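1. Structure of the sequence below:
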Amino acid sequence: MGVGKTTVGRRLAHRLRLPFVDADHEIEAASGMSVSEIFAKYGEAYFRDGERRVIARLIDGTPKVIATGGGAFINDETRSLILAEATAIWLSAPPEILVERVGRRNTRPLLRNRDAGQVLAELARVRNPIYAKAHIHIASNKAPHEATVASILKAIGL
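-> Numbering: from 1, shown residues only. Predicted structure coming up:
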């Protein structure tokens with residue numbers, strides 16, 4: 001959350017001349033509801049199940065860049081699919097950078113009415129060991145997004 005998955009993903013797709021797909025946008029299109037509305041009405045478990053199904057549909061063998069939500073890779077089934085059928089890239093950033101970035105918008109269901117620093121630190125504690133299973137690890141620091149894209153291109157040998 002706040003690491004730049006969508007922005008970096010769009011720029012990476014442009015550089016690779018591939019389509020870009022944001023899994024959250026696909027979920028919203030399929031459900032006719034925003035991610036926040038799905039969380040509020042049905043809860044996180046329901047959202048994660050829909051997310052898993054959408055990502056499975058998106059990983060169809062056609063080359064593309066897919067940005068997934070931060071919780072997608074935590075689901076065992078989704079993670080197994082991504083690791084087997086795609087190249088998983090973990091964009092990481094220190095919690096203080098993430099707090100600054102997520103503070104720019106109030107659209108994050110997991111942060112609503114909660115201390116962003118505490119939530120992000122706890123998410124990192126739980127999720128980072130799982131994210132570490134990704135094929136490629138890239139730091140998303142205070143540098144421009146193009147620097148992160150360049151790091152990804154280098155990591156994939158381009």
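2. okay, CA-based contacts and neighbour counts for the rest of this
-> Fine.
3. dump the residue contacts of residue 5.
-> Residue 5 makes contacts with 67, 68, 91, as judged by CA atoms under 8 Å, 6 or more residues apart in numbering.
4. Just give the nearest non-adjacent residue to the second one, would you?
-> To tie it back to what came earlier, the one meant is residue 68. residue 23 (5.1 Å; CA to CA, 6 or more residues apart in numbering).
5. and that neighbour, what pLDDT?
-> Among the per-residue scores, residue 23 holds a pLDDT of 95.
6. what do you get for residue 112?
-> pLDDT at residue 112 comes out at 67.
7. Mind jotting down where the helices sit in the protein?
-> Assignment of helices within the chain using DSSP state H yields the ranges 5-16, 23-31, 35-42, 44-58, 76-85, 95-102, 116-131, 145-155.
8. Give me the residues contacting the fifth one.
-> With CA under 8 Å, 6+ apart as the contact definition, helix 76-85 has outside contacts at 52, 55, 56, 59, 61, 72, 73, 88, 134, 135.
9. And the buried ones among these, selectable in ChimeraX?
-> Selection of buried members from the contacts of helix 76-85 for ChimeraX, criterion 16 or more other CA atoms under 10 Å:
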select :52,55,59,72,73,88,134
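10. For residue 7, state which of the contacts of helix 76-85 is nearest.
-> Residue 7 has its nearest neighbour among the contacts of helix 76-85 in residue 88, at 16.4 Å by CA to CA.
11. Look up the pLDDT of that closest one for me, please.
-> 97.
12. Same question for residue 92.
-> On pLDDT, residue 92 comes in at 92.
13. same thing with the one 5 residues further on?
-> Predicted confidence (pLDDT) for residue 97: 83.
14. Could you pull up the residues touching it?
-> Applying CA under 8 Å, 6+ apart, we find residue 97 in contact with 141, 142.
15. I'd like the distance between the residue nearest to residue 68 and residue 141.
-> In this view, residue 23 and residue 141 are 23 Å apart by CA to CA, to the nearest Å.
16. ok, so what distance separates residue 77 from residue 138?
-> 23 Å.
17. the inter-axis angle of the helix or strand bottoming out on mean pLDDT in the chain versus helix 116-131?
-> Least confident helix or strand, the chain: helix 95-102 with a mean of 78, by mean pLDDT, DSSP states H and E. Using axes from the mean of the first three to the mean of the last three CA atoms, to 10 degrees, the inter-axis angle of helix 95-102 relative to helix 116-131 is 110 degrees.
18. next one: helix 95-102 to chain centre, how far?
-> Mean-position distance between helix 95-102 and its chain equals 15 Å (CA atoms, centre = their mean, to the nearest Å).
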